[in-house]
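**Student:** Predicted coordinates and the sequence they were generated for:
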Amino acid sequence: MTLHPMLAQMLSLMPAEPDYGRHTATAARAAMQARVAMLLAMAPKPAGREDIIEGDLALRIIRPSTAGPHPVVLFLHGGGWVVCSNDTHQPLAVAIANATGAAVVMVDYRLAPEHPFPVPLDDRLAGLAWVRDQGAAHGLDASRIVVAGDSAGGNLAAVVAAHAPDLAGQWLIYPVTDWPDAAAYPSYAENDVGFGLSSAAMRWYWQQYGGDGPDARPMQRADLAGLPPALVQTAQFDVLRDEGEAYARRLETSGVPVQLTRHAGMIHGFLSMTGLLPGADAALAEGAAWVKSRLQSR
């Protein structure tokens, strides 16, 4: 399967990679804002939105058009723990809310390198605790929660699921599960150049985050038995493909129910092109069907 033509054209217009020896978080965030500006301009508005700030905890609730109380998708945005925010990922959250009928609770965790590991994880766990403690007052059904995240958010979602095995499920979208290692994960060599996310970029993100151990690298967790059922989605032309699939296989061999899908012709971040890219629409439909099945099981 070859790269989807729309993605090939998009990649041809992207600027060259920065010099990671001199790259700064400020520059990385500005570059990401420029990349997503058009998608944000075209994005549909949510049926309902509520922003909540309590100390260091910043949440955004995206609601579907249906009447509540709503089950919850606790969504953790990607961006290498350094870039992105609830704003950059709101279009995806809106699409998830509309497709699943669940409220999407986004946690705008504090970013590295100003707030390295474990601060982003701590913020995510605080977000889950808020949903459980205060969600009912905001029209949320806290007895039915799926945690979800893309890329670095998928990393955080996997770790949150390990801390909260009673969750209904974990939806891991091209997740980071380990350090970049082409020997262990050949996709780092196969997809290193020209597909939007490189090995050098991942090494830089890990340097900013500064995490180690099983709460940073889910593949290092000794025991995965008893974790929530998982949907793991990977992209064919993504350096993270093989580590995401390796984590799915480890979950499966540990007795965790797992659905694993490699999306052909797709690159890292493709799900954010929902509504524009048929492959993204297919992945969203798959994720929504899986989320509904998990929430209905509760």
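**Tutor:** Happy to help now that I have it.

**Student:** which stretches of the chain form helices?
**Tutor:** Along the chain, the stretches classed as helices by DSSP state H are 5-12, 25-42, 86-100, 119-134, 152-163, 187-190, 199-209, 241-253, 278-296.

**Student:** would you turn those helices into JSON lines with mean pLDDT, distance to residue 74 and mean neighbour count?
**Tutor:** Where C-beta positions appear, they are placed from N, C-alpha and C, glycine not excepted. Formatted as JSON lines, these follow (pLDDT from 0 to 100; distance: least, CB to CB, whole Å; neighbours: other CB atoms under 10 Å):
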{"stretch": "helix 5-12", "mean pLDDT": "94", "distance to residue 74": "29", "mean neighbour count": "14"}
{"stretch": "helix 25-42", "mean pLDDT": "91", "distance to residue 74": "22", "mean neighbour count": "14"}
{"stretch": "helix 86-100", "mean pLDDT": "97", "distance to residue 74": "11", "mean neighbour count": "23"}
{"stretch": "helix 119-134", "mean pLDDT": "98", "distance to residue 74": "6", "mean neighbour count": "19"}
{"stretch": "helix 152-163", "mean pLDDT": "98", "distance to residue 74": "7", "mean neighbour count": "26"}
{"stretch": "helix 187-190", "mean pLDDT": "98", "distance to residue 74": "28", "mean neighbour count": "18"}
{"stretch": "helix 199-209", "mean pLDDT": "98", "distance to residue 74": "20", "mean neighbour count": "20"}
{"stretch": "helix 241-253", "mean pLDDT": "98", "distance to residue 74": "19", "mean neighbour count": "21"}
{"stretch": "helix 278-296", "mean pLDDT": "97", "distance to residue 74": "11", "mean neighbour count": "18"}
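
**Student:** now the ones you listed as JSON lines including distance to residue 260?
**Tutor:** As requested, the helices of the chain are arranged in JSON lines below (distance: least, CB to CB, whole Å):
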{"stretch": "helix 5-12", "distance to residue 260": "22"}
{"stretch": "helix 25-42", "distance to residue 260": "27"}
{"stretch": "helix 86-100", "distance to residue 260": "19"}
{"stretch": "helix 119-134", "distance to residue 260": "23"}
{"stretch": "helix 152-163", "distance to residue 260": "13"}
{"stretch": "helix 187-190", "distance to residue 260": "14"}
{"stretch": "helix 199-209", "distance to residue 260": "21"}
{"stretch": "helix 241-253", "distance to residue 260": "4"}
{"stretch": "helix 278-296", "distance to residue 260": "11"}
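
**Student:** closest to residue 18 out of these?
**Tutor:** Proximity to residue 18, assessed across the helices of the chain by CB to CB, is greatest for helix 25-42 (6.7 Å).
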